[in-house]
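Asks: Fold the stuff below for me.
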Amino acid sequence: MPSVPSKSLEIFPNPQPERDYTIRIRVPEFTCLCPKTGQPDFAELTLEYVPDRQCVELKSLKTYVWSYRDEGAFHEAVTNRILDDLVEATRPRFMRLTADFNVRGGIYTTVVAEHRAADWQPPAPVSLP
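Replies: This next block holds a predicted model:
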């Protein structure tokens, strides 16, 4: 059965909820439409998060991202909407979404949106020799 675009995000239990660790997901083929011209916009999305109890399932993330292909959206709005949906689905300790859009009219746009759980503090960085 072929995949179809979907706004549904599936989750699964974090296999190590007692540990802070980072999940990085790169989505090199994000597309949406310019709300002014209707022409396609292309971006690479980078999702970084520290899960709490849930993680996002990758196939559902793929079909979720695909669901934006025919939607008109400003870069800032679509980046924040995707982050909001991912935060709602997974309730992470920390999440950052970076949307690096290809050139449009001679201008590159990168939008970075973050979420931090109110009760979470990042661990101190470790500096190795």
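Asks: residues contacting R91?
Replies: The neighbours of R91, taking C-beta atoms under 8 Å, 6 or more residues apart in numbering as the test, are 52-54, 117. All C-beta spots, glycine's among them, are computed from the backbone N, C-alpha and C.
Asks: How about E114?
Replies: Counting by C-beta under 8 Å, 6+ apart, E114 has contacts 83, 94-97.
Asks: Let me see the ranges of the strands in the protein.
Replies: Along the chain, the stretches classed as strands by DSSP state E are 11-13, 23-33, 40-50, 54-56, 94-104, 107-116.
Asks: And the residue nearest to N102 when sequence neighbours are not counted, how far from A73?
Replies: Nearest residue to N102, sequence neighbours excluded (C-beta to C-beta, 6 or more residues apart in numbering): F42, at 4.4 Å. According to C-beta to C-beta, to the nearest Å, F42 stands 13 Å off from A73.
Asks: how many neighbours does the nearest residue to S60 once chain neighbours are set aside have?
Replies: Nearest non-adjacent residue to S60, counting by C-beta to C-beta, 6+ apart: E10, 3.8 Å away. Using other C-beta atoms under 10 Å, E10 has 16 neighbouring residues.
Asks: Likewise for the one 5 residues further on?
Replies: Other residues near P15 come to 9 when the count uses other C-beta under 10 Å.
Asks: now C55
Replies: Other residues close to C55 by other C-beta under 10 Å number 20.
Asks: State the pLDDT value of it.
Replies: Model confidence at C55, given as pLDDT, is 98.
Asks: so what's it up against?
Replies: C55 makes contacts with 11-14, 23, 90, as judged by C-beta under 8 Å, 6+ apart.
Asks: and the lengthiest helix in the chain with strand 23-33, angle?
Replies: Secondary structure of the chain per DSSP state H: the longest helix is helix 75-90. Counting by axes from the mean of the first three to the mean of the last three C-alpha atoms, to 10 degrees, helix 75-90 points 130 degrees away from the direction of strand 23-33.
Asks: Perfect, I'm done here.
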